[in-house]
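J.: predicted coordinates and the sequence they were generated for:
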Amino acid sequence: MMSKKREGQGVAAVAQAKECRRGKLSYAWMVVLLMGMTLTSLSLASGPFDLSLEQEIAIGKQARALILSTHIVHAKASDYLARIGRRLISAGSWDPQFAHTYSFYVVEDPENPEMLNAFCAPGGFICFYRALFEDLLNNYGEDAIAAVLAHEIEHANSHHLAKQIKRDRERGFWAGLAAAVLGGILGGGERSMDIAFSLAEIYTKLQSLKYSRDLEDEADERGIVRLWRAGYDPKAMADVFNYLAHRTGSKPPEYLSTHPPEEERIKRSLQRAEILKQLRPGMTVQDEIKIIREGKKVYLPVGWVHGLTPGMSVEIAGKTFKLSKVYFDRAEVDVKEKDAKNIPDDANAILKEVPTPPHAQPVGVGTVLKVNPEDQTILIDLGAWHGIQEGMNFRIYSWRFEEQAQFKGKTYTVRVARVIAECQVQSVGERESVLKVVSFRNKALEGTPGERYTIADIAPGDEARWSEWLLPKPTGK
């Protein structure tokens, strides 16, 4: 348990780093420090520790305030990043409690403008450093940017920080890491940082490294499905890892790395990409599936990406069994040894219930590609591959509007989205669809008579959002 004196020193260190900008520690580590101090102040004296949703969001807000107050924000790049982010969120499962807290920023550290980094704070504050953003975009294209975002979204969506904290809290990991990083800031110099890292190693005892790597692999695994579902090339995930393996020069000691070895991640990502390329969104598995025998165990060559879940019933050789464990692309059948002997090697398994794959719902957010004023139609980049069908209703949102907002006595200019038109899908192609404008919205507030928008107010790059995919409104808490 960290003493109140140490906790006070930590808060002072954050303020000092902000004010002096000594540049001896990256702001990514500053966020780690901030989280450690915050969690220490929120923690209980003893007993199990569960990080609540409110605490996750509170930590994210503090991290957001720290980063945005010390970094340069690139507004246009951030808008572009947000468009990709909204599309990715709509392309998979997401926690509705987090949906309204997601924010996307391209930033630059004035002290280290060439920093190659991206991270996600709790609550969905996703930060992409300018150098990494430009390098990936110029060399690999938008798919690589989306790959990084998909990975980071899964960290927030799966509440990975809360899971990490619950397991590491008993070892005092966050207090220890905060104290360790604090020692590096206050002491200065490479030797002090080496000592700080050694202290952190004592706290982690290498156990949290394995756990962290498991979470990273889960973010890789689920992120690549989200990436593929949104219409991006799933191979881009491997491209990013390959890029990082060759471009990142200075790294923290291996025991503080939260990522699996890049070679391993590249291999896994390529394997998953090949599996995904054989699927179509919404496609369900066949009624009969040939089993796989590995010693005394029986597997099915399909997994959670196909919609299977633990506990599902399956019939093999006239007997009904349950699925015990489900992995990315295969599932283990709970078969006792005596029953396994009676199952032929070439037996087929019959699923007793129809699985619902995680990508069964249509992608909810697309982009306007072209506007045809003559017949009032709009071409968007979503099609049959994304689950779009004729007759679906869409709304066109434009983020090109600015409003003045008051906060703590200051006036800020903020970018807002407005609904321009209501549309319906007229025709569907493989990856593009044509929308027909049904009606235009009032330029004034909802329900207030006044001038309406026209087709001229819609431009390529605007957002097309499926009407049934609506983010919940903030609770105000």
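T.: Great, that's in hand.

J.: and the strands in the stretch 51-200 of the chain?
T.: Assignment of strands within the stretch 51-200 of the chain using DSSP state E, counting those that start in this stretch yields the ranges 72-73, 103-108, 118-121, 125-129.

J.: give me the distance from the shortest one to the chain's centre.
T.: Offset of strand 72-73 from its chain centre (Cα atoms, centre = their mean, to the nearest Å): 22 Å.

J.: now do the last one
T.: Taking the mean C-alpha point of strand 125-129 and that of its whole chain, the gap between them comes to 11 Å (Cα atoms, centre = their mean).

J.: just the pLDDT for Leu256.
T.: pLDDT, Leu256: 35.

J.: wait, I meant Leu177
T.: What the model reports as pLDDT for Leu177 is 49.

J.: cool, Leu68 as well?
T.: Per the predicted model, pLDDT is 85 at Leu68.

J.: do the one 10 residues further on as well
T.: As summarised for this prediction, Ser78 has a pLDDT of 92.

J.: hmm, it is touching Phe104, no?
T.: Yes: applying Cβ atoms under 8 Å as the test, Ser78 and Phe104 come out as touching, 6.2 Å apart. No exception for glycine: its C-beta is placed from N, CA and C like everyone else's.

J.: higher neighbour count, those two?
T.: Set Ser78 next to Phe104 and count neighbours by other Cβ atoms under 10 Å: Phe104 wins out with 24 against 20.

J.: list the residues that contact that one.
T.: Residues in contact with Phe104, defined by Cβ atoms under 8 Å, 6 or more residues apart in numbering, are 78, 81-82, 84-85, 126, 128, 149.

J.: rerun at 10 Å
T.: With Cβ atoms under 10 Å, 6 or more residues apart in numbering as the criterion, the residues that contact Phe104 are 77-86, 88, 120, 124-128, 149, 152-153.

J.: which of the residues you listed fall within helices?
T.: 77-86, 88, 149, 152-153 (DSSP state H).

J.: got a ChimeraX select line for the buried ones in those?
T.: In ChimeraX, selecting the buried portion of the ones in helices among the contacts of Phe104, with burial taken from 16 or more other Cβ atoms under 10 Å, looks like this:
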select :77,78,80,81,82,83,84,85,86,88,149,152,153
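
J.: any chance of the ones in helices among the contacts of Phe104 in a markdown table, plus distance to Asp329?
T.: Written out in a markdown table, the entries for the ones in helices among the contacts of Phe104 read as follows (distance: Cβ to Cβ, whole Å):
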| residue | distance to Asp329 |
| --- | --- |
| Ala77 | 35 |
| Ser78 | 36 |
| Asp79 | 36 |
| Tyr80 | 33 |
| Leu81 | 30 |
| Ala82 | 32 |
| Arg83 | 31 |
| Ile84 | 26 |
| Gly85 | 27 |
| Arg86 | 28 |
| Leu88 | 21 |
| Leu149 | 23 |
| Glu152 | 23 |
| Ile153 | 21 |
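
J.: which of the ones in helices among the contacts of Phe104 lies closest to Glu288?
T.: Of all those, Glu288 sits closest to Leu88, with 34.4 Å by Cβ to Cβ.

J.: distance of that closest one relative to Val302?
T.: In this structure, Leu88 and Val302 are 25 Å apart, going by Cβ to Cβ, to the nearest Å.

J.: show me where this protein has its helices.
T.: With DSSP H as the criterion, the chain has helices spanning 4-20, 27-42, 53-70, 75-90, 130-140, 142-157, 160-168, 173-187, 190-204, 207-229, 236-247, 262-277, 337-340.

J.: worst average pLDDT in the ones you listed?
T.: Mean pLDDT values for those show the minimum at helix 190-204, a mean of 36.

J.: give me the neighbour count for the closest residue to Lys436 other than its chain neighbours.
T.: For Lys436, ignoring the flanking residues on the chain, the nearest one in space by Cβ to Cβ, 6 or more residues apart in numbering is Gln426 at 4.3 Å. Gln426 is flanked by 15 other residues according to other Cβ under 10 Å.

J.: how about the one 3 residues further on?
T.: The local packing count at Gly429 equals 13, with neighbours defined by other Cβ under 10 Å.

J.: how about Trp466?
T.: Neighbourhood size, Trp466 [other Cβ under 10 Å]: 22.

J.: then the one 3 residues further on?
T.: For Trp469, the number of neighbouring residues by other Cβ under 10 Å comes to 17.

J.: from Val298, how far out is the closest residue in space to Ala384 that isn't next to it in sequence?
T.: Of all residues beyond its chain neighbours, the one nearest Ala384 is Val428 (5.2 Å), with distances taken as Cβ to Cβ, 6+ apart. Distance of Val428 to Val298, computed by Cβ to Cβ: 41 Å.

J.: between those two, which has more neighbouring residues?
T.: Set side by side, Val428 and Val298 give different neighbour counts by other Cβ under 10 Å, the larger being at Val298 (23 against 19).

J.: my guess is the more buried one contacts Asp339. True?
T.: Yes: counting by Cβ atoms under 10 Å, a contact exists between Val298 and Asp339, whose distance comes to 9.1 Å.

J.: mutual contacts of those two, please.
T.: Taking Cβ under 10 Å, 6+ apart as the contact rule, Val298 and Asp339 both touch 316, 321, 333.

J.: from those residues, which is closest to Glu54?
T.: Val333 (41.0 Å).

J.: give me the neighbour count for the closest one.
T.: Using other Cβ under 10 Å: Val333 sits among 22 other residues.

J.: domain ranges for this protein?
T.: 4-277, 288-351, 365-466 (automatic domain parsing).

J.: quick check: which of those domains is buried the most?
T.: The highest mean neighbour count among those, using mean count of other Cβ atoms under 10 Å, belongs to domain 4-277: a mean of 19.

J.: leaving out chain neighbours, which residue sits closest to the most far-flung residue of the chain relative to its centre?
T.: Using Cα atoms, centre = their mean, the residue of the chain lying farthest from its centre is Asn342. It sits 44.4 Å away. With Cβ to Cβ, 6+ apart as the criterion, Asn342 has its nearest non-adjacent residue at 6.4 Å, and that residue is Ala317.

J.: what's the local residue count around Pro358?
T.: 17.

J.: check the one 3 residues further on too.
T.: Other residues lying near Gln361 total 19 when counted by other Cβ under 10 Å.

J.: for it, what are its contacts?
T.: 90-93, 229, 281-282, 387, 466, 468-469.

J.: could you export those residues as JSON lines, including distance to Ala238?
T.: As requested, these are arranged in JSON lines below (distance: Cβ to Cβ, whole Å):
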{"residue": "Ser90", "distance to Ala238": "24"}
{"residue": "Ala91", "distance to Ala238": "19"}
{"residue": "Gly92", "distance to Ala238": "19"}
{"residue": "Ser93", "distance to Ala238": "23"}
{"residue": "Arg229", "distance to Ala238": "17"}
{"residue": "Pro281", "distance to Ala238": "21"}
{"residue": "Gly282", "distance to Ala238": "25"}
{"residue": "Gly387", "distance to Ala238": "25"}
{"residue": "Trp466", "distance to Ala238": "30"}
{"residue": "Glu468", "distance to Ala238": "33"}
{"residue": "Trp469", "distance to Ala238": "29"}
